[in-house]
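Chemist: Give me the fold of what follows.
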Amino acid sequence: MEAYLRGRGKRAAARLHKMGLYGQFEASVETWGSKVGTITATMGAVLYNFTKWSFRSDPDGGAFETTLDEARDYPDALRAVGEGFIQYLAENLMPERKVEVTSERVTADRIVFRGRFS
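Modeler: Predicted coordinates for the structure are as follows:
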């Protein structure tokens, strides 16, 4: 089931990319972190307006993180969809890198999506 949901997230991101709605899908390697963060945080806040999203990246350490606060009502099944969406963004912006995205509900009200790339 998780693989299916991750695939749904990737397909949703690919559809948005192909529609050309977000210029952030096109970015240089130097700006990929802010672009992934902008798309993730703005899309999440629009789709799930009862939550708060934030993003930080550590390009030198090969990592990035999206935090979802006020997430008590965010269904756990959507974590896998979010992983797939974020993975597509990162892979599109860094095609030469291997990217892995995971997530966990660290408290009842907070979910953290973590990305690593090499």
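
Chemist: so after the helix or strand where E104 lies, what's the next helix or strand?
Modeler: Per DSSP states H and E: E104 is located in strand 99-107. Where DSSP H and E defines the elements, the next helix or strand beyond strand 99-107 is strand 110-117.

Chemist: List the buried residues of that next one.
Modeler: R110, I111, V112, F113, R114, G115, F117 (16 or more other C-beta atoms under 10 Å). In this view, the C-beta of every residue, glycine as well, is placed from N, C-alpha and C.

Chemist: CA atoms of that strand as CSV?
Modeler: What follows is strand 110-117, C-alpha atoms only, in CSV (Å, rounded to 0.1, in the frame of the first residue of the first chain):
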residue,chain,number,x,y,z
ARG,A,110,4.1,16.9,14.1
ILE,A,111,5.3,15.0,11.0
VAL,A,112,8.8,15.3,9.6
PHE,A,113,9.7,14.4,6.0
ARG,A,114,13.5,13.9,5.6
GLY,A,115,15.4,13.8,2.4
ARG,A,116,18.9,12.6,1.8
PHE,A,117,20.8,12.9,-1.4
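
Chemist: No further questions, thank you.
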